[in-house]
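Novice: Fold the following, please.
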Amino acid sequence: QVHLVESGGGLVQAGGSLRLSCAGSGRTFSSSVMGWFRQAPGKERECVVVRTWSGGSTYYADSVKGRFAISRDNAKNTVYLQMNSLKPEDTAVYYCAAGLHFTIRAPDYDYWGQGTQVTVSS
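Specialist: Modelled structure (predicted):
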């Protein structure tokens, strides 16, 4: 069993930055794939970034390439999402997820955090 807790969301002006954290507990992530997804009102949950825990493979959605970056702290069992140059269209609830396969499909992930709201004002 894996338990994920996100933090770091909030309200920021366009052009600003936020860093989201996803702290994991329950078992090691060494064999897992970690992903950040987001869901805006009335829209489907979409993949923002996916990365193998080993760091060997990473996928970024085109909409966030060059602005967002995923990183991890093995000692803290925590994954981060650094978000720069934020735009109003980045407004959504952001979720971290853990799974066993490198995929951008949300249903393929086994464990989810509770989500954290990110609101970008224009």
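
Novice: For the spatially most central residue of the chain, list each beta-bridge partner.
Specialist: With distances taken as C-alpha atoms, centre = their mean, residue 36 lies nearest the centre of the chain, 2.2 Å away. With DSSP bridges applied, residue 36 shows beta-bridge pairing to residue 49, residue 96.

Novice: which stretches of the protein have low pLDDT?
Specialist: Of all residues in the chain, those with pLDDT under 70 make up the ranges 27-31.

Novice: Go again with 80.
Specialist: Counting by pLDDT under 80, the chain shows low-confidence ranges at 1, 26-31, 53-55.

Novice: so where do the strands sit in it?
Specialist: Using DSSP state E, the strands of the chain run over 3-7, 10-13, 18-25, 33-39, 46-52, 58-60, 68-73, 78-83, 92-99, 111-112, 116-121.

Novice: of all the ones you listed, which lies closest to residue 105?
Specialist: Closest approach to residue 105 among these (C-beta to C-beta): strand 46-52, 7.6 Å. Any C-beta I mention is one placed from the backbone N, CA and C, and that applies to glycine too.

Novice: roughly how far apart are the closest residue to residue 116 other than its chain neighbours and residue 103?
Specialist: Using C-beta to C-beta, 6 or more residues apart in numbering and skipping the chain neighbours, the partner closest in space to residue 116 is residue 9 (3.4 Å). According to C-beta to C-beta, to the nearest Å, residue 9 and residue 103 sit 24 Å apart.

Novice: Mind checking which of those two has more residues around it?
Specialist: When residue 9 and residue 103 are compared for neighbours, residue 9 comes out ahead with 19 against 15, by other C-beta atoms under 10 Å.

Novice: Distance check, that one against residue 115.
Specialist: Separation of residue 9 from residue 115 (C-beta to C-beta) stands at 8 Å.

Novice: I appreciate the help and will end here.
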